[in-house]
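[1] What follows is a predicted protein model with its sequence.
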Amino acid sequence: MEKVDKSGHKKKQSMLEALKKSLGVVTTALIKADVPHSTYYKWINTDPEFAEQVKTEVMLSVKNLRVLKVSQLVFK
């Protein structure tokens, strides 16, 4: 397993927070977190825990968007 230095760990946390704020849109989160695409995909491929956290955030975002859409239809 790859060792992650403190700055890498902080960047991963920053990426996860940005992913949540961007409603699961990876490109937007990468820009907000100032993380290159290549670094993000390296993390996804080498850090199973990070990959699972990303998957969870994206799935939660999709679920939240669906709930928002349904509520907009119901309360229209």
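    Nice, I can see it.

[2] could you pull out the helices for this protein?
    Taking DSSP state H, the helices of the chain run over residues 6-21, 26-33, 37-46, 48-74.

[3] for this structure, which spans come out with low pLDDT?
    Within the chain, the stretches falling below the threshold (pLDDT under 70) are 1-8, 64-76.

[4] Quick check, central residue of the chain?
    Central residue of the chain (Cα atoms, centre = their mean): residue 19, 3.3 Å from the mean position.

[5] Give the closest residue to that one in space, chain neighbours not counted.
    residue 29 (4.1 Å; Cβ to Cβ, 6 or more residues apart in numbering). Quick note: C-beta positions are derived from backbone N, CA and C, even for glycine.

[6] what about that neighbour, distance to residue 48?
    Separation of residue 29 from residue 48 (Cβ to Cβ, to the nearest Å) stands at 19 Å.
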